[in-house]
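Peer 1: mind looking at a prediction? Sequence and model below.
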Amino acid sequence: AFSQGWAAKRNARDQTLEIVVVPSAGWEARILPAEQLSKIIEPGVAEALKAGFKKIVIVTAPTRLVPPFDSVRSLAARESAEVRVVTQPEPNGLGNAILCARELVGLAPFGVPLPVDVDPSGDTLLKMSKLYCEYKKPLIAVNPLDASAEAQAELHHYGVAVLHRPPKSKLKGRVYQAGVMQEKSADASVGDVRMIVGRYILTPDIFDILGSTKPNRVTGKVELTDALEQFRQENHFVYVYELPSPLLSLAVVRAMMTRLIESIGDPTALAAMTPITRRSEEHTSE
């Protein structure tokens, strides 16, 4: 039975990369109109299509009407790709969002482009797909080293990975074995650490681990980083691709919108936030 299970997992990893899971069940799906939500998702979908993915699985939040994602479907149709939508019942973290796509993914490797991280080049998933074809192991992306004090102080707000020695490779690229991976770690500045960003190639055996992953003690949600660390601790390899340049993050926008919404019931806080949003509006209209 063990050998059959191992063979099944091996065969699953060897399948062609055709599926991406696009998590979009966070704050965006709960407060933005459908057309704006599609706008946020489009860059990641375009990047996936450029890399040759043919099945797009969007994970969204429960709403009265499922967003039609018309612009995303139109984009996919031009590349003969299929779009499917699945709902994450509760906002229970990235790991849980990916788990919600299990039935649509099946026993196949898959990519994950997070809409909150935008790749100006549009090439990251393509490069990672080529690397996966060589290694057949889960692959995560990290931003390049930023040694500034400000960047180091920010690390504990994100998932991080310690870099170990690079594996043997026929391809040129900054690829390493992952050491410890932690979500919002207090000691993120220790060791050769990089910030994990929103591009992944995962193997289907991650689903079993996500199903048993406990909520993170800091976020209270099921985090993909924690599941990948458990996977690594069970004597599996996880590889890290260090990007040549950082992805652009919408996390600052998310934080500002969250603070603005939370300040609605507090006149003092709302008065402080209003000038900030006005300056942002003036900047975008220039």
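Peer 2: Yep, it's here. Numbering: from 1, shown residues only.

Peer 1: dump whatever helix or strand residue 98 lives in to CSV, keeping only the CA atoms.
Peer 2: In this structure, residue 98 sits in helix 94-99 according to DSSP states H and E. What follows is helix 94-99, C-alpha atoms only, in CSV (Å, rounded to 0.1, in the frame of the first residue of the first chain):
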residue,chain,number,x,y,z
LEU,A,94,-4.6,31.4,2.3
GLY,A,95,-4.0,27.8,3.1
ASN,A,96,-7.7,27.2,3.5
ALA,A,97,-8.5,29.1,0.3
ILE,A,98,-6.2,26.8,-1.6
LEU,A,99,-7.8,23.8,0.1
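
Peer 1: what is the mean pLDDT for that helix?
Peer 2: Throughout helix 94-99, pLDDT has a mean value of 97.

Peer 1: need the next SSE after it, C-terminal direction.
Peer 2: For helix 94-99, the following helix or strand on the C-terminal side (DSSP H and E) is helix 102-105.

Peer 1: can you dump the C-alpha atoms of that following helix in PDB for me?
Peer 2: Provided in PDB are the C-alpha atoms of helix 102-105 (Å, rounded to 0.1, in the frame of the first residue of the first chain):
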ATOM      1  CA  ARG A 102      -9.000  20.600  -4.100                       C
ATOM      2  CA  GLU A 103     -11.800  19.000  -6.000                       C
ATOM      3  CA  LEU A 104     -11.200  21.100  -9.100                       C
ATOM      4  CA  VAL A 105      -7.400  20.600  -9.000                       C
END
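
Peer 1: now it, how far from the centre of its chain.
Peer 2: Relative to its chain's centre, helix 102-105 lies at 17 Å (CA atoms, centre = their mean, to the nearest Å).

Peer 1: which parts of this protein are helices?
Peer 2: For the chain, helices defined by DSSP state H occupy the ranges 2-13, 27-31, 34-50, 70-77, 94-99, 102-105, 124-135, 149-154, 206-212, 224-233, 251-262, 267-284.

Peer 1: thinking again about what came up before, list the contacts of the helix holding residue 98.
Peer 2: Applying CB atoms under 8 Å, 6 or more residues apart in numbering, the contact partners of helix 94-99 are 21, 23, 25, 59, 88, 90, 112, 114, 202, 206-207, 210-211, 213, 221-224, 226-227. From N, CA and C alone the C-beta is placed, and that goes for glycine too.

Peer 1: select only the buried ones of those in PyMOL?
Peer 2: Buried members of these, defined by 16 or more other CB atoms under 10 Å, are picked up in PyMOL with:
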select buried, resi 21+23+25+59+88+112+114+202+206+207+210+213+221+222+223+224+226+227
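
Peer 1: just the buried positions in the helix holding residue 98, please.
Peer 2: For helix 94-99, a neighbour-count test (16+ other CB under 10 Å) marks 94, 95, 96, 97, 98, 99 as buried.

Peer 1: now, which of those residues sits nearest residue 155?
Peer 2: Residue 155 has its nearest neighbour among the buried residues of helix 94-99 in residue 94, at 17.7 Å by CB to CB.
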